[in-house]
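Participant: After the sequence you'll find the predicted model.
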Amino acid sequence: MKNTLRTLIKQPGIKSAPAVYDCIGAMVAEQEGFDYIFSSGFGIAAALLGKPDFGYLTANEMVGTACRIADSVSIPLIADIDTGYGNPLNVIRTVQDIAKSNVAGIILEDQEWPKKCGHFEGKKIISINEQVEKIKAAVYARESSNLVIVGRTDARAIEGLKGAIKRGEKYLEAGADVLFIEAPQSRDELKEVSRHFEGVPLFANIIEGGKTPNLSVKELEEMGYKLVAFALSGLFSATQATKECFSSLKKDGSTENINKKMSFNEFKEVIKIEKHIELEKRFGSNLQ
């Protein structure tokens, strides 16, 4: 998976993908033809804990979820690992655990802990030097695994775009493979990042209603971005569909009037039930 992701990054053109928060979302993304996926810390916090992305998730919860998602599909996963959950030594432990898994890449950010969603207010960031050491620690910890490291800075909201660009330069020097400047606030800012880092694999994050303009994949490709995540599109859509389903059930006492609901047979196809029936036949036939 890790080599596959590196190959994708080297190929010409932009590569877009949804962020997911569970195995069902990952499997749907793969079946719809995406080449890779992201895991969403925001989505995992919401789905697993029913809480906002305020640093409630532990390292074990985040890493465990990412590893399960990666195991459920045959396309690469780039996993959100927040701040690495501590100092450079904690980053080493976190990255060593991930490097042994099927996770293909990680996103490591420079916020203080507890962190917040990059499109929330009230974020704080650590010093450039501290984050540089954490990225170096991640490079050390991945050893020969070829794990892709996405260096993320949330400095735009605190130090302005120039400060974020300065940090980006340092993070690339420290060994980050991809640069992610979170939450540029206009087309011009997105273009400025791309102009400054021409030739560098750049990551863009699109959140409907967030601080960054909701640009299309084509527009971001024309600017020079390599990877783009639609971080919360699946979460928002799934939540809205669930809300409509439950509202209709409560109102009507029936699910007959629910639009666009998936059938039982269609869902069985998503989870590849035939594969498991074959396994049951192969290994369970002599149990009785």
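Facilitator: Right, received. Where do you want to start? Numbers count the residues shown, from 1 in each chain.
Participant: Look up how far Leu161 lies from Thr94.
Facilitator: In this view, Thr94 and Leu161 are 29 Å apart by CB to CB, to the nearest Å. Where C-beta positions appear, they are placed from N, C-alpha and C, glycine not excepted.
Participant: again, but for Arg187
Facilitator: Taken as CB to CB, the span from Arg187 to Leu161 is 13 Å.
Participant: one step back: so which of Thr94 and Leu161 has more stuff around it?
Facilitator: Thr94 (25 against 19; other CB atoms under 10 Å).
Participant: Stretch 75-93 - what's its average pLDDT?
Facilitator: In this model, stretch 75-93 has an average pLDDT of 97.
Participant: how about stretch 62-82 as CSV, C-alpha atoms only?
Facilitator: Extracted in CSV, the C-alpha atoms of stretch 62-82 (Å, rounded to 0.1, in the frame of the first residue of the first chain):
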residue,chain,number,x,y,z
MET,A,62,-7.2,6.9,16.3
VAL,A,63,-4.5,4.4,15.3
GLY,A,64,-6.8,1.4,15.9
THR,A,65,-9.5,2.9,13.8
ALA,A,66,-7.1,3.8,11.0
CYS,A,67,-5.6,0.3,11.0
ARG,A,68,-9.1,-1.4,10.8
ILE,A,69,-10.1,0.9,7.9
ALA,A,70,-6.8,0.2,6.1
ASP,A,71,-7.4,-3.6,6.5
SER,A,72,-10.9,-3.4,5.0
VAL,A,73,-9.8,-2.2,1.5
SER,A,74,-7.1,-2.8,-1.1
ILE,A,75,-6.4,0.9,-1.8
PRO,A,76,-4.0,3.1,0.2
LEU,A,77,-5.1,5.0,3.3
ILE,A,78,-3.6,8.3,4.5
ALA,A,79,-4.4,8.4,8.3
ASP,A,80,-4.9,11.5,10.4
ILE,A,81,-2.8,11.1,13.5
ASP,A,82,-3.4,14.6,14.9
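Participant: and whichever strand or helix holds Ala79, what does it pack onto?
Facilitator: Assigned by DSSP states H and E, Ala79 falls within strand 77-80. Under the contact criterion of 3 or more CB pairs under 8 Å, 6 or more residues apart in numbering; DSSP states H and E, strand 77-80 touches strand 37-39, helix 59-71, strand 105-109.
Participant: Please identify the most buried of the ones you listed.
Facilitator: strand 37-39 (a mean of 29; mean count of other CB atoms under 10 Å).
Participant: which helices and strands does the helix or strand just after it pack with?
Facilitator: Downstream of strand 37-39, the first helix or strand assigned by DSSP H and E is helix 41-44. Here helix 41-44 touches helix 59-71, helix 233-252, going by 3+ CB pairs under 8 Å, 6+ apart.
Participant: How far away from the center of its chain is helix 41-44?
Facilitator: Centroid separation for helix 41-44 versus its chain: 9 Å, with CA atoms, centre = their mean, to the nearest Å.
Participant: could we number from 206 for the rest of this?
Facilitator: Let's use 206 as the start, then, which means that last one is helix 246-249.
Participant: ok, back up a step: between the helices and strands packed on helix 246-249, which gets the lowest average pLDDT?
Facilitator: helix 438-457 - the lowest mean pLDDT of these, at a mean of 94.
Participant: And it, what's buried?
Facilitator: Residues of helix 438-457 classed as buried by neighbour count (16 or more other CB atoms under 10 Å): 438-440, 443, 453.
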